[in-house]
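Trainee: Show me how the following folds:
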Amino acid sequence: MRLEIDLAGDVPIYRQIRDQIVRGAASGAIAPGEQLPTVRQLAADLGVNPMTVNKAYALLKAEGMIAMNRRRGAQLCDITSRRSGLDDSSDSRALQLIAEARAKGVPKQELLTRITLLADDLYNGEGETK
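Mentor: Here you go, the predicted structure:
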C-alpha cells in the first residue's frame, strides 16, 4: 500500500490517510483481510507522528473499515461485514460536497455527471449496474 500525503495541504494528515485507505478498499487496491502497516511503520514511511496514523486507524475502526488485533495488527475488514449502508455521517459529507459545488457556481448536472464518472471508476469491474 502506497499513500501520498500532502503535508502542506488543507486536509489534515490523519484524514488523508483515512481517505486513501477507504479509496484503496473501494477500488480493490487493498483486499479484504489484507494486513495494513503497523502504526509505527506507516508513520515512519510517511514521516509523520505515530499519533497521526493512530488517529486515522481509530477513525477507520470506528467506521467498521478495519479490525485491530494485538497479534495481527490492523486488517481491512471483509466487505460483507461493512454492508451497513450509508448513514447520517455519509449524508453530511455528501451535503457538504454539494454545498461547496453550489457555492462555486457549479451547475447541478455537471456535479451529477462528475459524481457518476467517479462512481463508475470505482464500481468498474464489480458487476454493478449503472
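
Trainee: C-alpha only now, for contacts and for neighbours.
Mentor: Noted.

Trainee: Check which helix or strand the residue nearest the centre of the chain maps to.
Mentor: Among the residues of the chain, residue 22 comes closest to the average C-alpha position under C-alpha atoms, centre = their mean, at 2.5 Å. Secondary structure assigned from DSSP states H and E places residue 22 in helix 13-27.

Trainee: Quick check: next helix or strand after the lowest-mean-pLDDT helix or strand in the chain?
Mentor: Scoring the helices and strands of the chain by mean pLDDT, DSSP states H and E places helix 88-103 at the bottom, with a mean of 85. The element immediately downstream of helix 88-103 (helix or strand, assigned by DSSP H and E) is helix 108-123.

Trainee: What residues of that next one count as buried?
Mentor: By neighbour count with 16 or more other C-alpha atoms under 10 Å, helix 108-123 contains the buried residues 122-123.

Trainee: about what we covered before: can you give me the buried ones in the least confident helix or strand of the chain?
Mentor: Counting neighbours by 16+ other C-alpha under 10 Å, one finds that the buried residues in helix 88-103 are residue 98.

Trainee: Now for residue 73: which residues touch it?
Mentor: When contacts are counted by C-alpha atoms under 8 Å, 6 or more residues apart in numbering, residue 73 touches 35-38.

Trainee: again, only using 10 Å
Mentor: Contact analysis of residue 73 by C-alpha atoms under 10 Å, 6 or more residues apart in numbering lists 35-39, 66-67.

Trainee: before we move on, the earlier item: how far out from the middle of the chain is the least confident helix or strand of the chain?
Mentor: The offset between the C-alpha centroid of helix 88-103 and the centroid of the whole chain comes to 16 Å, using C-alpha atoms, centre = their mean, to the nearest Å.

Trainee: Below-threshold pLDDT in the protein: ranges please.
Mentor: By pLDDT under 70, the low-scoring segments of the chain are 79-87, 125-130.

Trainee: Neighbours of residue 24, how many?
Mentor: Around residue 24 sit 17 other residues, with neighbours defined as other C-alpha atoms under 10 Å.

Trainee: typo on my end, it should be residue 60
Mentor: The number of residues packed around residue 60, counting by other C-alpha under 10 Å, is 22.

Trainee: The host helix or strand of it: what's the following helix or strand?
Mentor: Taking DSSP H and E as the criterion, residue 60 maps to helix 50-62. Along the chain past helix 50-62, the next helix or strand (assigned with DSSP H and E) turns out to be strand 66-69.
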